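[1] this one's sequence-less:
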């Protein structure tokens with residue numbers, strides 16, 4: 001289930017993130033009112049994997065303070081992830097199997113960068129200005145690459161919506177309505193990982 005699409009606007013540095021409304025269990029599909037894309041403090045989140053994880057990210061997770069002189073990538077890979085793991089454990093979501101802790105997958109927009117958080121709690125950054133996750137993610141990334149090549153549609157929000165619509169048309173686990181939000185560029189700026 002799910003398609004989450006995040007894209008950085010090359011001109012403004014704003015991060016646009018959109019998600020679908022599908023809840024899938026086996027062959028059953030429900031259109032959910034609770035959103036997969038939301039804000040929490042200075043972050044925007046878009047999740048797949050579990051609505052329970054999304055509940056915790058949205059309502060229970062208290063984002064930690066970012067130390068003034070610490071780079072964003074280091075902060076996200078250490079302090080942020082440690083606080084996230086604690087939240088998911090105390091909320092009954094994180095699992096341990098074969099001595100390995102596991103969570104879910106989601107995207108985070110923070111300080112003009114897009115981070116992919118994977119089930120083993122690694123953070124990832126891609127070189128192009130967009131990222132996706134969920135069952136429709138591969139279709140959406142192909143759509144974004146094609147749009148990037150031809151330069152259409154011109155505005156970032158429209159590209160996010162178009163990628164979601166293409167994923168909906170080509171996969172069984174993605175359905176509108178789509179929610180799209182924007183995180184304005186942070187004056188602190190982005191640092192390189």
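    Right, received. Where do you want to start? Computed from a predicted structure; not experimentally measured.

[2] how close does residue 25 sit to residue 88?
    Note on residue 25: its distance to residue 88, by C-beta to C-beta, to the nearest Å, is 21 Å. Using the backbone N, CA and C atoms, a C-beta is placed for each residue, glycine as well.

[3] more neighbours, the two?
    residue 88 (24 against 8; other C-beta atoms under 10 Å).

[4] Excluding chain neighbours, what is closest to that one?
    Distances taken as C-beta to C-beta, 6 or more residues apart in numbering put residue 94 closest to residue 88, at 3.9 Å, once the chain neighbours are dropped.

[5] Can you tell me how far that neighbour is from residue 31?
    Separation of residue 94 from residue 31 (C-beta to C-beta): 28 Å.

[6] Check residue 79 too.
    For residue 79, the distance to residue 31 - C-beta to C-beta - is 36 Å.

[7] So, low pLDDT: which residues of this protein?
    Across the chain, the ranges flagged by pLDDT under 70 are 186-193.

[8] Tell me which residue lies nearest the centroid of it.
    Closest to where the C-alpha atoms of the chain average out (C-alpha atoms, centre = their mean) is residue 107, at 2.0 Å.

[9] I'd guessed it sits against residue 18; true?
    No: Residue 107 is beyond contact range of residue 18, at 10.4 Å (criterion: C-beta atoms under 8 Å).

[10] hey, what's in contact with both of these two?
    Shared contacts of residue 107 and residue 18, defined by C-beta atoms under 8 Å, 6 or more residues apart in numbering, comprise 4, 6, 46.

[11] Any chance of those in JSON lines with distance to residue 35 as columns?
    Below are these laid out as JSON lines (distance: C-beta to C-beta, whole Å):
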{"residue": "4", "distance to residue 35": "11"}
{"residue": "6", "distance to residue 35": "15"}
{"residue": "46", "distance to residue 35": "9"}
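
[12] one step back: more neighbours: residue 94 and residue 31, which one.
    Between residue 94 and residue 31, counted using other C-beta under 10 Å, residue 94 has the larger neighbour count: 20 against 11.
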